[in-house]
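In: based on what follows, work out the 3D shape:
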Amino acid sequence: MFSRKLLNTVKTNPNPKKFDAVIIGGGSGGYTAAIRIAQLGGEACIVEKKCLGGVCANTGCIPTKCLISIAKSFANFKNSEKFGLTAENISYDVQKIKSRLERTIKKAVKGIENLLASNGVEIIKGFGCVNETGKVIVYDNEKKTKVVCILNAKNIVIASGSNPMRPQSIAKNKNIITSEDVFALTDIPKNLVIIGGGYIGLEFASIFNGLGVNVSVIEKLERILPAEEQEISDELARLMQRTGINISTNTDFSDIDLEVDKVLLAMGRQPNLNRQELSNLGVIFSENGIKTDLSMRTNVKGVYAIGDVNGKFLLAYLASAEGIVAAENIMGRKQEMNYNNIPNCIFTIPEVASIGKREGKSGKFPFIANGKAFTMGETDGFVKVYVDDGRLVGASIIGVQASSLIAVAQGLLGKNVEEIKRMIIAHPTLPEAIFEAVLDTEGQAINLLKQ
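Out: Numbers count the residues shown, from 1 in each chain. From the prediction side, this is the model:
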């Protein structure tokens, strides 16, 4: 269904000069770090074994959001009658979906290549190995058949990413795939079991359900999205079940009958660690990732670790932020990461997003009472905000464009409620729901029926 050849956009370009940093991995964190070093007048080099953009551009953020868009459009066509429209013989073409997906990925990867080229960042294709500080040996393949070049570096940034977890007990079953294997499917299964009720599993549940697949989600914990507050996870479960997705909680995958078309493992991701290499360097690490401080330094001078490989937060935009911090420290600017108030976005149908503390006095506003959502026919869900000591400290959103709306809430964090109440919000717009939720913390929401 979604199979494609890897995009070879990186070039073999041995260079004996000494770089300010050699970055192992050209994903979100790696290419961002390289560009920031270049912006500060430094020389950066990326060693990438596969495709620029890493998981985000090739098998994660970009392609999955493309598929979500396709699935949602298809579902909207099927439900067009509620808008007074007539659409007959609704179907989709797998090959055209595949072509669109490939074009989207290709453009994303090419865009990153162009960004790096415009900033003078050198890109070398190969497997980067660090056997001593200050040197990176680049091999032509993972078996180290041939040395491509040896790079001298004042600093080394490990940005090798992560890979999907796959228990050995079920590793050999041909019907079991991971979130990355999805893109090698040649057809859409009729029945799909997804093991894992976190954001990865639920996003794929929305995608395949939207395309008409019979989807079941298995979660071993008592609820889906265990990192979100209970009201959000309960509401998402209700809305997904309404569309036909079967959700089973408190269920272990070993209890599942695997006689289905496909089983998708979505049990999380694990850092890509070269344990022997790290041990030889003396870098401290665990199964959860490479240990770093807030400046993204490891315990070994001149060695940094950013993104999924350090195991802090497996999010592309956090990797980018860490890449900037690492780059600025490499170039002599003292910077530290601030992990407070990180937005969390889940691109299910409908979307879920949250930020900040979920404690203190709360206010809630449903999208069914929001004029813009009402006209769009997107009335599922609500905005919930939290106020402590008279200031906005957090928010949770489930519903239309939650991933964009959370940025509005983020900009209001720390502001006094009285100041927010005096803001004039354009109408009809979705951000009005945030404003009304803040008003509701004091029982003053204008467009809510009085209890």
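In: from the contact counts, what lies against the host helix or strand of S396?
Out: S396 belongs to strand 391-399 when elements are defined using DSSP states H and E. Strand 391-399 sits against helix 230-242, strand 351-356, strand 381-388, helix 402-412, helix 417-421, helix 432-440, with contacts defined as 3 or more C-beta pairs under 8 Å, 6 or more residues apart in numbering; DSSP states H and E. Where you see a C-beta, it was placed from the backbone N, CA and C, and this is true even at glycine.
In: tabulate those (a markdown table), appending distance to M331, mean neighbour count and mean pLDDT.
Out: Shown next, in a markdown table, are these (distance: least, C-beta to C-beta, whole Å; neighbours: other C-beta atoms under 10 Å; pLDDT from 0 to 100):
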| stretch | distance to M331 | mean neighbour count | mean pLDDT |
| --- | --- | --- | --- |
| helix 230-242 | 41 | 18 | 98 |
| strand 351-356 | 30 | 24 | 98 |
| strand 381-388 | 38 | 24 | 98 |
| helix 402-412 | 28 | 19 | 97 |
| helix 417-421 | 38 | 15 | 96 |
| helix 432-440 | 38 | 24 | 98 |
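In: so what's the residue count around the nearest residue to A327 once chain neighbours are set aside?
Out: For A327, ignoring the flanking residues on the chain, the nearest one in space by C-beta to C-beta, 6 or more residues apart in numbering is R36 at 3.6 Å. Neighbourhood size, R36 [other C-beta atoms under 10 Å]: 23.
In: going forward, the N-terminal residue is numbered 813.
Out: New numbering, starting at 813: the last item is R848.
In: buried residues in the helix or strand R848 falls within?
Out: Per DSSP H and E, R848 falls inside helix 840-851. Across helix 840-851, burial judged by 16 or more other C-beta atoms under 10 Å covers S840, G841, G842, Y843, T844, A845, A846, I847, R848, I849, A850.
In: mind putting these in JSON lines, distance to I1158 included?
Out: Output for those, formatted as JSON lines (distance: C-beta to C-beta, whole Å):
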{"residue": "S840", "distance to I1158": "18"}
{"residue": "G841", "distance to I1158": "21"}
{"residue": "G842", "distance to I1158": "25"}
{"residue": "Y843", "distance to I1158": "25"}
{"residue": "T844", "distance to I1158": "23"}
{"residue": "A845", "distance to I1158": "26"}
{"residue": "A846", "distance to I1158": "29"}
{"residue": "I847", "distance to I1158": "28"}
{"residue": "R848", "distance to I1158": "28"}
{"residue": "I849", "distance to I1158": "32"}
{"residue": "A850", "distance to I1158": "33"}
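In: quick one: stretch 974-992 to chain centroid distance?
Out: In terms of C-alpha atoms, centre = their mean, to the nearest Å, the centre of stretch 974-992 is set 19 Å apart from its chain centre.
In: could you do stretch 916-931 as well?
Out: Put simply, stretch 916-931 sits 19 Å off its chain's centre (C-alpha atoms, centre = their mean).
In: so what touches that stretch?
Out: 816, 819, 821-822, 838, 843, 846-847, 850-851, 858, 863-865, 869-870, 874-875, 878, 935 (C-beta atoms under 8 Å, 6 or more residues apart in numbering).
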